[in-house]
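S.K.: sequence first, predicted model second:
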Amino acid sequence: MRKTALITGASSGIGQELAYIHAQKGGDLIIVARSEGKLQNLKEELEKQHSVSVKVIVKDLAQSNAAQEVYDEVVNTNLQVDYLVNNAGFGQVGKFHELSWDRQGSMIQLNILALTQLTHLFLPEFVQRNSGKILNVSSTASLMPGPLQAVYFATKAYVTSLSNALAEELSNTNVTITNLMPGATETDFGSTSGMDKTALFANTANAKKVAEDGYQGMLDGKLDVMAGLTSIQKFMMSVVPITPKKLLLKQVHQLQQTK
């Protein structure tokens, strides 16, 4: 039986690669993003190449009512979501007090509130059916504070914490929640956040490889999937818990300074 995946932020980057992977496996899709043109092009490509059904929902999830509107549209079209992929998100480099509140408020709305509400809306149906998988795209940034990206790092810490807690709540069911933690990845995120001008993005991972790792981790019901890290980056992440906090803050601060 075909599985239907709802993927937010599907118009580019990791979200788009996840859509390709799911379609290649014969799954139907509901793709959500702001860019209607990109979504329609993706729909036409996937339906033509893989003979799957793709529904487009054009929605800016940074708007406060958008998550509910996405859910209502899915319900009204009698579609059953088997996999929920909360991928949409963005960051911004700069000092917290110097960045505009509108931008940072939108970041919280998208990275935290939209993800949480979509999970809350779809999860009761998953539990009732005793089947379904959720993939929340967090970040390795969730494992530490992030000077010069204070709000972004904090939103990702929330995503990791929420995902892990819900996974335990659901441990006596067949519903799973997987937390994907990519490192710096070659997507539009770098240019839109300003991170492409920092040392942290000097060696970015391939979005397709990150998506493959995340998708397989979701199918396997893994708790956490860390993807897109070099051997050195893996070592650096392994010592984060034992690094003195002030030293860690200075290191992250330096890595995020623009060139």
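M.R.: Thanks, I have it.
S.K.: show me the contacts for the closest residue to Thr160 other than its chain neighbours.
M.R.: Excluding the flanking residues, the one nearest Thr160 by C-beta to C-beta, 6 or more residues apart in numbering is Ser142, at 3.9 Å. Just so you know, the C-beta spots here come from the backbone N, C-alpha and C atoms, and that holds for glycine as well. Neighbouring residues of Ser142 by C-beta atoms under 8 Å, 6 or more residues apart in numbering: Phe153, Lys156, Ala157, Tyr158, Val159, Thr160, Ser161, Met181.
S.K.: which SSE is Ala23 in?
M.R.: helix 13-24 (DSSP states H and E).
S.K.: run through who's touching that helix.
M.R.: So helix 13-24 is contacted by 3, 5, 7-10, 29, 31, 33, 42, 46, 49-50, 52, 54, 83, 85, 87-88, 135, 137, 182, 185, 187-189, 207-208, 210-212, 214-215 (C-beta under 8 Å, 6+ apart).
S.K.: in this protein, where is pLDDT below threshold?
M.R.: Scanning the chain for pLDDT under 70 picks out 185-204, 259.
S.K.: which parts of it are strands?
M.R.: Remark: strands assigned in the chain by DSSP state E are 4-8, 28-33, 54-58, 83-86, 132-137, 175-182, 224-227.
S.K.: buried deepest among those strands, which one?
M.R.: strand 83-86 (a mean of 28; mean count of other C-beta atoms under 10 Å).
S.K.: residues in contact with the lengthiest helix in the chain: which ones?
M.R.: The longest helix of the chain (DSSP state H) is helix 150-169. For helix 150-169, the external contacting residues (C-beta under 8 Å, 6+ apart) are 86, 89-92, 96, 104, 107-108, 111-112, 115-116, 119, 123, 134, 136-139, 141-146, 176-179, 181, 193, 223-224.
S.K.: swap in 7 Å and give it another go.
M.R.: Residues from elsewhere that reach helix 150-169, judged by C-beta atoms under 7 Å, 6 or more residues apart in numbering: 91-92, 96, 104, 107-108, 111-112, 115-116, 136, 138-139, 141-142, 144-146, 176-177, 179, 181, 223.
S.K.: quick one, which of those are buried?
M.R.: 91-92, 104, 107-108, 111-112, 115-116, 136, 138-139, 141-142, 144, 146, 176-177, 179, 181 (16 or more other C-beta atoms under 10 Å).
S.K.: in helices only, show me these.
M.R.: Gln104, Met107, Ile108, Leu115, Thr116.
S.K.: could you work out the most separated pair of those?
M.R.: Gln104 and Thr116 (17.4 Å; C-beta to C-beta).
S.K.: quick check: the closest residue to Ala205 other than its chain neighbours vs Ala88, distance?
M.R.: In space, and not counting its chain neighbours, Ala205 is closest to Gly228: 2.8 Å by C-beta to C-beta, 6+ apart. Gly228 is 18 Å from Ala88, where distance means C-beta to C-beta, to the nearest Å.
S.K.: for Thr178, same thing?
M.R.: Counting by C-beta to C-beta, the gap from Thr178 to Ala88 is 17 Å.
S.K.: do Lys245 as well
M.R.: 31 Å.
S.K.: over to Lys3?
M.R.: 20 Å.
S.K.: which one of the two has more residues nearby?
M.R.: Taking other C-beta atoms under 10 Å, Lys3 and Ala88 do not tie; Ala88 has more neighbours (26 against 18).
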